[in-house]
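> generate coordinates for the sequence data below:
(one chain, ligands or ions: 1)
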Amino acid sequence: MELDLDSHSLNATDTLSIKLGKGGAEDRGHGTTDRTVAFLLNNRLHIDYIRVGSEDLQWRRTGGVKPGESGVPTDADLLEVHLPASINGNDIVLNLSYRGVLYEPLDSDGVLAATITPDFVYLTPAAHWYTDLPDGSLSTFRVSARVPNGYEVITHGKLVARREEGKTTLFTWEADYPSDNCFLLAARYRVTHDIYDGIDIYTYFFPEEQGLSESYVDATKYYLKMYEEMFGPYPFSRFAVVENLFPTGYGMPSYTLLGRAALKLPFIVHISLGHEVAHNWWGNSVFTDPAHGNWCEGLTTYVADYHYKELINSGSAAEYRMDILRTYSNHIYDEIDFSLEGFTEGGVPRTEKAVRSILYGKCAMVFHMLKTLTGPDNFSESLRSLYRERKWKQTNWQDIQKTFEEVSGRDLDWFFRQWVLEKGAPLLELTSAAVEVAGQGGTYKVNFELSQRPPVYRLLVPVVLVTADGERHRHELEMNLPRQRYSLSSESRPKGLSVDQDADVFRHLLAEEIPPTLDKVLGDREMLIVYPTKGNDRLIGEYKALAHQLKHLAPIKPDAEVNEEDLSKGLFLLGGPDNNLVVKRLLEAVPPPLKFEGKSFILNETKHDEEGASLFFCLSNPYNKGRAVCIFFGLSPEAVSATGQKLIHYGRYGYVLFVDGTSMDKGVSPRIMDPLSVVF
Ligand SMILES: [Zn+2]
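A predicted model of the protein is given here:
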């Protein structure tokens, strides 16, 4: 492939080896009649010829392909090539030549699929810049690309040749292992090289980011060591961290593509990089099966993002799990829920929130419960075995079930049916609890009842009994009925009992278990936005404009029209007590750390009267304890307009203080009560 950067074009010759009779390559009538084979190619590329050997073949474009799940527009045509009866056999080698312009300005909005410019060459599989069968089958690749001297070309696999010829350099990359797609990038990168345990580590950064290279190399070594110990040898001979001009965090086989702005953020090198390294085991060498859900994001999240919390301490890990439960409970209702098996790419459009919450969050929790159920040793051994047995193969949930069953020697059919084939989550309640003195020797019994709403799940529920002498006894109780009674005995006087306090079970939280956060309000299907009507016109105007921007989320009302029934909804209130009648009415319910004081307010014992200050603060709705109220106000019209649109990015917080649009202080208000705990 020749890349002409100034004219934004490529000129390619392509050798496509296909096995007919498999996958999407059609096969009609062996050797006796004519056959056809179909593949995809970008419709802006002009085809010069398609041949087998020296024989020119007839072909036709059969039309476009619908956009993929990612929202990236695909402009591929399905090309149908006519194979005359004279071409025998099922191993067909097609030779093609094609050329054309692939260009989108680098500053265009949204996600780019392909562009060729002197600043950056970015060719994604979504752009179909190479020929591919439409069936999601796996391929090996060998790519040669010619660029002007001074540029570096990178794709996956190994760089097998790099030859300067006059003013150009020809790069040849070879990936001899199967993969599902091919990205290619070229730019004036500076390349650094290091080595860890026989694995070549590279960074491809622009000169401005060169200073970050060392920290990325060090972190890469750390993660490679961690995951080789966890799962087995790294599947490739190299790993590269490649800077992208677009904001991505992609984990490709043997490299990761990280956006320029992200590269500089400390959590990227500490969390996201590790996640992308782990994808080389899960997703890039043990592949998902596109027709049967996606297990690899949840597993990668569990062994990366979540595992790093475990390495800090068990409290951080529990908080991470609780956050998964909160997000699911706040945002997912039956109509948008889906089963892990039922998630297929290119299928039903899903909201980003639902994909994050289920494919990453719920799925990570499923692996967590699998670990609890089979034990940590079986869990590790199952993952090692899965990697050993399924490397370079498309792997579905059944394969995972089989591996875990073989290693643990347990029947896990019910587990996978319940958590993978079905959507949804259980809802647990502690319906009664009492202490009984059991014998004369002063032993005690704690009797309690757990209930769950239908459909009934089979669960392993952790229950902690705390005794008067401060000891904590953890029990794992089996539950498989709508209501079940339990009795735990204790030598010393029981002081309290708590059910699944560390969120070890994936479940819907009870409304009272969820602290009031902006997400809780925004995720409430019975939400009302209330704007103020009293006060300075410009300030009221800003609040109204903000309400209008949020109108896709919920109905809007002026404060004077809010009735008693409205008060029990999830409320998003704009304006402080001087402006908004509803805020004034709720004033008594506002807990510390917030206090209104004339034209100013006090947050966490600090007084704020700056013109640029604004705050959102969430509390439990005093008219309906299961729901939350969010109050957003600013001390000037400018403060309101500078912050309004940013609010939704802070959904997980209970309050955030902004000054001139920049967040200065944030936190979560504590839960008011825990319905799954009792104190005796
Ligand atoms: Zn991922």
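> in the stretch 501-650 of the chain, which residue sits nearest the ion?
With distances taken as CB to the ion, the stretch 501-650 of the chain approaches the ion most closely at Phe506, which sits 19.3 Å away. (Each C-beta comes from the backbone N, C-alpha and C, glycine too.)
> tell me the secondary structure at that residue.
The assignment at Phe506 comes out as coil when based on DSSP: H, G, I helix; E, B strand; the rest coil.
> wait, it touches Met369, no?
Yes - taking contact to mean CB atoms under 8 Å, the distance of 6.5 Å between Phe506 and Met369 places them in contact.
> who touches both of these two?
The overlap between the contact sets of Phe506 and Met369 (CB atoms under 8 Å, 6 or more residues apart in numbering) consists of Trp419.
> more neighbours: which of those two?
For Phe506 against Met369, the residue with the higher neighbour count under other CB atoms under 10 Å is Phe506, and the figures read 23 against 17.
> what sits against the more buried one?
Taking CB under 8 Å, 6+ apart as the contact definition, Phe506 lies against 324-325, 328, 362, 365-366, 368-369, 419, 425.
> 6 Å - rerun?
Residues in contact with Phe506 (CB atoms under 6 Å, 6 or more residues apart in numbering) are 362, 365, 425.
> for it, which non-adjacent residue is spatially closest?
Counting by CB to CB, 6 or more residues apart in numbering, Phe506 lies nearest to Met365, which is 3.9 Å off, once chain neighbours are set aside.
> torsion angles phi and psi at the one you found?
Recorded main-chain torsions at Met365 are phi -70, psi -30, according to degrees, to the nearest 10.
> how near is it to the ion?
The span separating Met365 from the ion equals 16 Å under the rule CB to the ion, to the nearest Å.
> near the ion, which residues of the chain are found?
By CB under 5 Å from the ion, the residues of the chain that approach the ion are 297, 300.
> go with 8 Å
Taking CB under 8 Å from the ion as the contact definition, the chain meets the ion at 249, 251, 275-276, 279, 283, 296-297, 300-301, 360.
> let's see if you can find the most crowded of those.
Neighbours were tallied for each of the residues of the chain next to the ion (criterion: other CB under 10 Å), and the maximum of 28 neighbours falls on Thr300.
> residue contacts, that one?
The contact partners of Thr300, taken as CB under 6 Å, 6+ apart, are 275, 278-279, 282.
> just put those residues in JSON lines and tack on distance to Val407.
As requested, these are exported to JSON lines (distance: CB to CB, whole Å):
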{"residue": "His275", "distance to Val407": "25"}
{"residue": "Ala278", "distance to Val407": "20"}
{"residue": "His279", "distance to Val407": "23"}
{"residue": "Trp282", "distance to Val407": "17"}
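> return the closest of those residues with respect to Trp129.
Compare each of the contacts of Thr300 with Trp129 using CB to CB and the shortest gap goes to His279, at 22.6 Å.
> which one is the closest one nearest to, not counting chain neighbours?
With CB to CB, 6+ apart as the criterion, His279 has its nearest non-adjacent residue at 3.4 Å, and that residue is Gly251.
> what do you get for Ile199?
Tyr234 (5.7 Å).
> over to Glu597?
Spatially, and ignoring its direct neighbours in sequence, Glu597 is nearest to Lys607 (7.3 Å; CB to CB, 6+ apart).
> for the ion, what's its nearest residue on the stretch 551-680 of the chain.
Of all residues in the stretch 551-680 of the chain, Arg652 sits closest to the ion, with a separation of 19.8 Å (CB to the ion).
> you'd agree that residue is in a strand?
No - the secondary structure assignment for Arg652 gives coil rather than a strand, going by three-state DSSP.
> which residues in the stretch 451-600 of the chain form strands?
Chain-ordered strands for the stretch 451-600 of the chain, with DSSP state E, counting those that start in this stretch as the definition, fall at 459-467, 472-479, 483-490, 494-499, 527-531, 556-558, 570-574, 594-597, 600-603.
> in the last one, which residues are buried?
Right, the one you point to is strand 600-603. 601, 603 (16 or more other CB atoms under 10 Å).
> so what secondary structure elements neighbour it?
strand 606-608 (3 or more CB pairs under 6 Å, 6 or more residues apart in numbering; DSSP states H and E).
> okay, the angle between the next helix or strand after the strand it packs on and strand 570-574?
Past strand 606-608, further along toward the C-terminus, the next helix or strand under DSSP states H and E is strand 613-620. Note on geometry: by axes from the mean of the first three to the mean of the last three CA atoms, to 10 degrees, strand 613-620 and strand 570-574 are set 160 degrees apart in direction.
> adjacent strands (with direction) for strand 613-620?
strand 628-634 (antiparallel), strand 655-659 (antiparallel) (DSSP bridges).
> rewinding a little: go ahead and confirm the residue nearest to His279 touches Val277.
No - proximity of Gly251 to Val277 does not meet the contact threshold set by CB atoms under 6 Å, at 7.5 Å.
> check the secondary structure at the spatially most central residue of the chain for me.
The C-alpha lying nearest the average C-alpha coordinate of the chain belongs to Arg356 (CA atoms, centre = their mean; 4.2 Å). When the structure is reduced to helix, strand and coil (three-state DSSP), Arg356 reads as helix.
> ok, back up a step: output the strands paired with strand 613-620 as JSON lines; include the columns mean neighbour count and mean pLDDT.
What follows is the strands paired with strand 613-620, written out as JSON lines (neighbours: other CB atoms under 10 Å; pLDDT from 0 to 100):
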{"stretch": "strand 628-634", "mean neighbour count": "27", "mean pLDDT": "95"}
{"stretch": "strand 655-659", "mean neighbour count": "22", "mean pLDDT": "94"}
